[in-house]
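Peer 1: the amino acid sequence is not available; the structure is as follows:
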């Protein structure tokens, strides 16, 4: 299992186009990939399937929040690296 | 014969039979199945068909709509393949013995409700997306046609309650001669599409038209916002003559589109465009625009989850300014208020958003919105002919406050060592009656005015132009509005400042002689109107128009003013019928 934390810095958070790019990137890997974050109000951890656009959207990740990306499978290293890079690169914005 | 009045949504006249656009209701008659394997198979086939349909729509949308429209369908394709959604559908088929259609319907409804419950415009739009995708799969499973327009085989006027983006993408535009919607306004999706395609459209006619049977003849006048139901042969003949002569004049004016608008006595008027994005900029140049009199910037802020960054705005403004080179481009700062759905701005709902904290009023208290826009504009204006104008000004103090913030931005940019335009003309929109009445005072604070006749009419006449019941009153041809226009031009000229106009009136053939007579310096309009207005101005004499304008402003009714102009200028009578 491979796991890494990363902060969402782009303006819109994990919504709209960034969310689509994230899910599309996750879909390229065979590993089981989960993304989780802490609810800013209740402090509970929420988790979603990184390959599900509906799951990722309903996580409600906004600018400044940190997410945890966890992958399990043959290509887990590559999968986490690609998704973390995508976030760090602000989804190619600017 | 009956006449129905709506809101003019796209210019032009068309005559044709009615095609009622009615969506078939999706009724699921079989809820359970004892054969899950068969249901899995049906679901799988339906999903594949739906994916193919969406790919076709996506490609079509890329070719004929905006990228933002096309992206909606890419989102649909992703929802269709969503593993969480499909797992639940399969679970229902397997464990609850549901049919594919009833499982799909229930799951989509549940996800859609979840999104809608987040009480946020962005998620509400996603709720609609999920429902659209679910309905698409259901139609396939139930054997219902993808679009009601598959039966559209000959040219017709599409009559509908309202149309969604996927409805309009699927339409065979070569068979559509007009759009008529019961709901909607001049800014709804259908209206914008119709204007882009140059197809006449009337919106907001009310439900009466939905009861007219298929094949009934209609005359649709998108310029006046009128629909004649089952007209007589004579009426059809009259309209056909009008269409033919208007087309002839249009063709002639297109040939001269790139030449200036110089009157018979040698006075040149500046003819520029109203645009709202980079595509509009390119089309404006093709229609012979000599610059931009109104660059709307709202498009940068709508349908997204956060404010556009300074850098993003800079890139967009720069791309537009590059299209125009040395030609002037007037950028209007953000014009939004409580009526716009921009959830991330946290705008409060207001009882009367058109009289609320909108446009400059909002920007003056929200420097987090205002400053990045001004900084981006100043940077983009470097070595270009950029002018900035502020919308919704009521008092001179507001202009001074806005200029102060603009100067702060210039100071900041200077300190940061970033190149920017430091010597640009600053103007305001004159669209509130109070501004028109103290135009002499405001003229001392600015370099130019641009008269926004749409808002000036609705504020002067106290008539909401989006309300079909009173929209007819919100018309700039009422002498009350025309007189304000005349006073604004006089006051500005007395201070040596120039005046433009970016409301609908500037692109209205019937108004051109009056505005020339009043001495308006710059006319800004939607690009397709440019060739025609230039052609009209070439046929006028400024001295004669001065007395025409004075005469016209003494007339009491709007109809009589228009009749008077037609009687004096035969060319305009020919164009407008």
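Peer 2: Received, thanks. Quick caveat: nothing in here was measured; it's all calculated off a predicted structure.
Peer 1: please parse chain B into its domains.
Peer 2: Structurally, chain B divides into domains by automatic domain parsing as follows: B:2-23+B:148-231, B:36-142, B:244-266+B:426-577, B:296-423.
Peer 1: tell me which of the ones you listed sits nearest to residue A:20.
Peer 2: domain B:36-142 (6.2 Å; C-beta to C-beta). C-beta here means a position set from N, CA and C on the backbone, and glycine is covered the same way.
Peer 1: so where's the chain shaky on pLDDT?
Peer 2: You didn't pick a chain, so chain A it is. Residue ranges of chain A with pLDDT under 70: A:94.
Peer 1: looking at chain B here, not the other one
Peer 2: In chain B (pLDDT under 70), the answer is B:1, B:64-69, B:119, B:121, B:165, B:185-189, B:338-341, B:577.
Peer 1: flag every residue of it that's near chain A.
Peer 2: B:71, B:74-75, B:78-79, B:81-85, B:111, B:114-115, B:118, B:122-123, B:126, B:130, B:304-309, B:311-312 (C-beta under 8 Å from any C-beta of the partner chain).
Peer 1: which helix runs longest in the chain?
Peer 2: Chain wasn't specified; assuming chain A. Longest helix in chain A, counting residues (DSSP state H): helix A:76-88.
Peer 1: if you could check chain B rather than the one you did, that'd help
Peer 2: helix B:36-64.
Peer 1: count the neighbours of the nearest residue in space to residue B:269 that is not next to it in sequence for me.
Peer 2: Nearest residue to residue B:269 in three dimensions, chain neighbours excluded: residue B:261, at 4.9 Å (C-beta to C-beta, 6 or more residues apart in numbering or on different chains). Neighbourhood size, residue B:261 [other C-beta atoms under 10 Å in any protein chain shown]: 24.
Peer 1: pretty sure residue B:261 is touching residue B:537, no?
Peer 2: Yes - if you go by C-beta atoms under 8 Å, residue B:261 and residue B:537 touch, sitting 4.1 Å apart.
Peer 1: got any residues that touch both of the two?
Peer 2: Jointly contacting residue B:261 and residue B:537 under the rule C-beta atoms under 8 Å, 6 or more residues apart in numbering or on different chains are B:269, B:271.
Peer 1: need phi/psi at the nearest residue to residue B:359 once chain neighbours are set aside.
Peer 2: Excluding the flanking residues, the one nearest residue B:359 by C-beta to C-beta, 6+ apart is residue B:392, at 3.4 Å. Per-residue torsions, residue B:392: phi 60, psi 50 (degrees, to the nearest 10).
Peer 1: again, but for residue B:202
Peer 2: Dihedral pair for residue B:202: phi -130, psi 130, per degrees, to the nearest 10.
Peer 1: correct me, but it touches residue B:227?
Peer 2: Yes - taking C-beta under 8 Å as the definition, residue B:202 is a contact partner of residue B:227 at 5.6 Å.
Peer 1: what is in contact with the two at once?
Peer 2: B:6, B:180, B:220, B:221.
Peer 1: what about these, which are in strands?
Peer 2: B:180, B:220, B:221 (DSSP state E).
Peer 1: looking at these, spot the one nearest chain A.
Peer 2: Proximity of those to chain A (C-beta to the nearest C-beta) peaks at residue B:180, which lies at 33.1 Å.
Peer 1: identify the bridge partners of the most centrally placed residue in chain A.
Peer 2: Nearest to the geometric centre of chain A sits residue A:35, at 5.0 Å (C-alpha atoms, centre = their mean). Listed beta-bridge partners, residue A:35: residue A:48, residue A:69 (assigned using DSSP bridges).
Peer 1: give the contact list for it.
Peer 2: Counting by C-beta under 8 Å, 6+ apart, residue A:35 has contacts A:22, A:47, A:48, A:50, A:56, A:59, A:67, A:68, A:69, A:70, A:83.
Peer 1: now stretch B:477-486: buried residues?
Peer 2: Residues of stretch B:477-486 classed as buried under the neighbour-count rule (16 or more other C-beta atoms under 10 Å in any protein chain shown) are B:477, B:478, B:479, B:481, B:482, B:484, B:485, B:486.
Peer 1: among these, which ones are in helices?
Peer 2: Using DSSP H, the members of those that fall in helices are B:479, B:481, B:482, B:484, B:485, B:486.
Peer 1: so the second one touches residue B:452, yeah?
Peer 2: No - the pair residue B:481 and residue B:452 does not pass the contact test of C-beta under 8 Å, sitting 11.3 Å apart.
Peer 1: so which bits of chain A are right by chain B?
Peer 2: Residues of chain A lying near chain B (C-beta under 8 Å from any C-beta): A:11-13, A:15-17, A:20, A:23-24, A:27, A:48-49, A:51-55, A:57-58, A:60, A:63, A:93-94.
Peer 1: can you turn the buried part of those into a ChimeraX selection?
Peer 2: Burial among the residues of chain A next to chain B is assessed by 16+ other C-beta under 10 Å; the matching ChimeraX selection reads:
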select /A:11,12,13,15,16,17,20,23,48,49,51,52,53,54,55,57,58,60,63
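Peer 1: give the closest residue to residue B:372 in space, chain neighbours not counted.
Peer 2: residue B:310 (4.1 Å).
Peer 1: phi and psi next, for that neighbour.
Peer 2: phi -60, psi -40.
Peer 1: mind listing what it touches?
Peer 2: Residue B:310 touches B:372, B:373, B:375, B:376, B:379, counting by C-beta under 8 Å, 6+ apart.
Peer 1: try residue B:478
Peer 2: Applying C-beta under 8 Å, 6+ apart, the residues near residue B:478 are B:457, B:460, B:461, B:558.
Peer 1: residues of stretch B:344-362 that come out buried?
Peer 2: So for stretch B:344-362, counting by 16+ other C-beta under 10 Å, buried means B:344, B:345, B:347, B:353, B:354, B:356, B:357, B:358, B:359, B:360, B:361, B:362.
Peer 1: before we move on, back to that, now, of the residues of chain B next to chain A, which are buried?
Peer 2: B:71, B:74-75, B:78-79, B:82-85, B:111, B:114-115, B:122-123, B:126, B:130, B:304-308, B:312.
Peer 1: report how many residues lie close to the residue nearest to residue B:483 when sequence neighbours are not counted.
Peer 2: Nearest in space to residue B:483, with sequence neighbours left out and distances taken as C-beta to C-beta, 6+ apart, is residue B:553 at 5.8 Å. Neighbour count of residue B:553, defined by other C-beta under 10 Å: 16.
Peer 1: likewise for the one 5 residues further on?
Peer 2: Using other C-beta under 10 Å, residue B:558 is surrounded by 17 other residues.
Peer 1: go through stretch B:204-215 and flag the buried ones.
Peer 2: B:204, B:205, B:209, B:210, B:212.
Peer 1: residues in contact with residue 20?
Peer 2: As the question left the chain open, I've gone with chain A. Contacts of residue A:20 by C-beta under 8 Å, 6+ apart are A:53, B:74, B:75, B:78.
Peer 1: can you look at chain B instead?
Peer 2: Going by C-beta under 8 Å, 6+ apart, residue B:20 touches B:159, B:160, B:210, B:212, B:213, B:214.
Peer 1: relative to residue B:448, which of these is nearest.
Peer 2: residue B:160 (42.3 Å).
Peer 1: my guess is the closest one contacts residue B:181. True?
Peer 2: Yes - using C-beta under 8 Å as the test, residue B:160 is close enough to residue B:181 to be in contact (5.5 Å).
Peer 1: helix or strand for residue 22, just tell me which one.
Peer 2: In the absence of a named chain, chain A is used. helix A:16-26 (DSSP states H and E).
Peer 1: think we crossed wires, I meant chain B
Peer 2: With DSSP H and E as the test, residue B:22 turns up in no helix or strand.
Peer 1: just checking, it touches residue B:148?
Peer 2: Yes - using C-beta under 8 Å, residue B:22 is in contact with residue B:148, at 5.8 Å.
Peer 1: neighbour count for the two, which is higher?
Peer 2: Taking neighbours as other C-beta under 10 Å, residue B:22 and residue B:148 compare with residue B:148 leading, 18 against 12.
Peer 1: next one: the more buried one relative to residue B:195, how far apart?
Peer 2: 23 Å (C-beta to C-beta, to the nearest Å).
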